[in-house]
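> Structure here, sequence nowhere to be found:
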DNA sequence: AATTTTTCTGCAAACGCTTGCAGTGCAGAC
DNA sequence: GTCTGCACTGCAAGCGTTTGCAGAAAAATT
């Protein structure tokens, strides 16, 4: 490549202007205390005047690592993911780390692309909050030597921490609670990715209903993970003629959509139908009626992930650890005694 | 620096394993058609087996530019920003660009940090969707030679496109509509950043009310830009003893919080109080009652920003352009005839 | 078989930064 | 005046890519 005089601003330009070497400029910009005060201010002045901004790519390259925390989530639109993201971001900023997020929209090719992006960026740590992941891809992450934490997917591995919520327990509590209120005809509303064979929430729902009242015939409906998706699922249920007295939703976000459709059809909540969610997002308190749900401590999860991925005394672990979180039922106004039919 | 044999996987390792030079590997990985098919597959196999992932920092450095679109928003929690982000992300991915988002939380030091991050990353384009920005910082962006688009802030400059919504018109339509319904005692609920002297929405609200009914005494309340913030502002209003018959909110997100508090206090919407929002986010249709609001075409805005920042035939412009969008009033069920008092 | 052309591949410089090491200069000690 | 030590600063190699150019190999032409 022919020597092309760079137009871009670089250390060299600042160094020349300040009459020092690039090393010195570098040291000033990195706050190395070793530089003489007078030199230091000369350099700072030059940098300021030239409107200089260090090239972070070059910096990462030279340092051999980046100061970036990578985060991958399924759906930023769902406040559940957003809350975890925000906690991670806050923790990262508190330590002077930057953050880059990728959103997969539940698409596996996007998940692949996101993982490759993070590895390509040589992120200092990686948090993966998605509902499904191919074993192959898990291995890729594990083999990348990047400290990672997975939420709700895979099993502990080299360099990987696993955080999971005991959904089984959450679902059982909910079904038990509804059963005690006399509900027999229950429906489960999931989103498409909860339809996979591995969907613990869906499976547990069926089992729990089965156990509580063997005569009941639980039904499953689904839509995309969005307000509209919940609404669609509810409409589907109504059109199918199935008259549930209680609807368990896979998360609060969809539950809000479900309630909207029920209301639209003139059904009152909880008089005619009870509705429950999962996650206990802020919106669950603000919708009408406030939603009975299962609390998942998203902030706590965020902090745990951060500590495990970026924690100070973090030694390289051969085998990862697994952390299980216990969810709690939060009763509000969207549930009540089963309607007589 | 002493020669340290790199542990990290790099082009060289792949090259050795495949028995070719790094140049060839590079060409294969970049899909340069020039490589012989047999060599090509040998290289791909080696890369696969070594679980190799190119170092994107090195790549950007060598290429002198990155394939990244930078996005800065005030508050990812507010679906308004999220929607624009998602549109931009989709457009970017469609062109094989990656995206990095930064969230300022309305904090100006965070905004500064975010701008520096983006410049440091040498992003290919930058979208800034924040409600306030110091002139100095605008100049920094303008001087960075990065094609940028600002939403709702600053004025067109070198390399900078400006998109703004005619809030004035939106507010006027809303106030006019409420006035026609007989509302006299109106309140405006803003978030803290709309309290600055430059807040167009707030100012226009005061002017419009003034004009429609000179005798009215409009009031202003505020909280953070969140569901809770809306709730707080509403509580503040109730505690102040001011009994508005209509409340205009600076956005839908806060309006949902406002309605929650009113409901809590036993006030019925719209029988006792009318409430309006701004933005027309999805949630506005899903809350109860569905919210009367002003539609801001976020997808369109996203596309416009993308085209102006990353558009193909994008020549370097000395002076930026300004694009103004006209908002429409969307009437739903949260507004009605003013209560007699 | 010699030459020309074409197709591939490798060499090495460059991208902008960090950092170990080797100075340089200057104060104080001898 | 020479020396020692200390506080700074500069040199240059190295980080992992890309890519212009030139060389090598293969194919086509004479």
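Looks like it came in fine. This is a predicted model, so every value here is computed, not measured.
> Pull out the buried residues from the helix or strand containing residue A:119.
Assigned by DSSP states H and E, residue A:119 falls within helix A:108-120. Neighbour-count burial for helix A:108-120 flags A:110-120 (criterion: 16 or more other CB atoms under 10 Å in any protein chain shown). The C-beta positions use only the backbone N, C-alpha and C, and glycine is treated the same way.
> Same check on stretch A:234-249?
Buried-residue list, stretch A:234-249, by 16+ other CB under 10 Å: A:234-238, A:244-249.
> what residue ranges in the stretch 1-150 of chain A score low on pLDDT?
For the stretch 1-150 of chain A, the stretches flagged by pLDDT under 70 are A:1-7.
> So which residues on it come close to chain B?
By the rule CB under 8 Å from any CB of the partner chain, the part of the stretch 1-150 of chain A lying against chain B is A:6, A:8, A:51, A:53-61, A:64, A:66, A:76-77, A:79, A:82, A:85-86, A:89, A:93, A:98, A:100-103, A:110, A:116-117, A:119-122, A:140, A:143-144.
> same for DNA strand C: which of those are within range?
With CB under 7 Å from any atom of the strand as the criterion, these include A:6, A:8, A:54-55, A:58-59, A:61 near DNA strand C.
> Keep only those of these that are in strands.
Using DSSP state E, no member of these sits in strands.
> Highest neighbour count among those?
Within these, residue A:55 tops the neighbour count with 23 neighbours, counted by other CB atoms under 10 Å in any protein chain shown.
> residue contacts, that one?
When contacts are counted by CB atoms under 8 Å, 6 or more residues apart in numbering or on different chains, residue A:55 touches A:8, A:10, B:61, B:120, B:122.
> Now stretch A:123-137: buried residues?
Applying 16+ other CB under 10 Å to stretch A:123-137 flags A:123-133, A:137 as buried.
> Not including adjacent chain positions, what is the nearest residue to residue A:192?
Nearest residue to residue A:192, sequence neighbours excluded (CB to CB, 6 or more residues apart in numbering or on different chains): residue A:222, at 5.8 Å.
> ok, the one you found to residue A:187 distance?
To residue A:187, residue A:222 is 11 Å away according to CB to CB, to the nearest Å.
> of these two, who's got more company?
Legend: neighbour count by other CB under 10 Å for residue A:222 and residue A:187, higher for residue A:187 (26 against 21).
> and the next element down the chain from the strand or helix carrying the more buried one?
Secondary structure assignment for residue A:187, by DSSP H and E: strand A:186-191. For strand A:186-191, the following helix or strand on the C-terminal side (DSSP H and E) is helix A:200-212.
> all strands for chain A, in order.
A:68-73, A:98-103, A:125-129, A:148-151, A:160-165, A:186-191, A:219-223, A:246-249, A:274-276, A:293-295, A:322-325, A:328-330.
> Outside of the fifth one itself, which residues are in contact with it?
Outside of strand A:160-165, the residues within contact range by CB under 8 Å, 6+ apart are A:138, A:141-142, A:147-152, A:154-156, A:296, A:301, A:304-305, A:308-309, A:320-327.
> what do you get if the cut-off is 7 Å, keeping everything else the same?
Residues from elsewhere that reach strand A:160-165 (CB atoms under 7 Å, 6 or more residues apart in numbering or on different chains): A:141-142, A:148-152, A:154-156, A:296, A:301, A:304-305, A:308, A:320-325, A:327.
> Quick one, which of those residues are buried?
A:141-142, A:148-152, A:154, A:156, A:296, A:301, A:304-305, A:308, A:320, A:323, A:325, A:327.
> Stretch A:267-287 near chain B at all?
Yes: shown here: stretch A:267-287 in contact with chain B (CB under 7 Å from any CB of the partner chain) through A:282-283, A:286-287.
> Among these, which ones are in helices?
A:282-283, A:286 (DSSP state H).
> Pipe those into TSV and attach neighbour count per row.
Formatted as TSV, these follow (neighbours: other CB atoms under 10 Å in any protein chain shown):
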residue	neighbour count
A:282	16
A:283	23
A:286	22
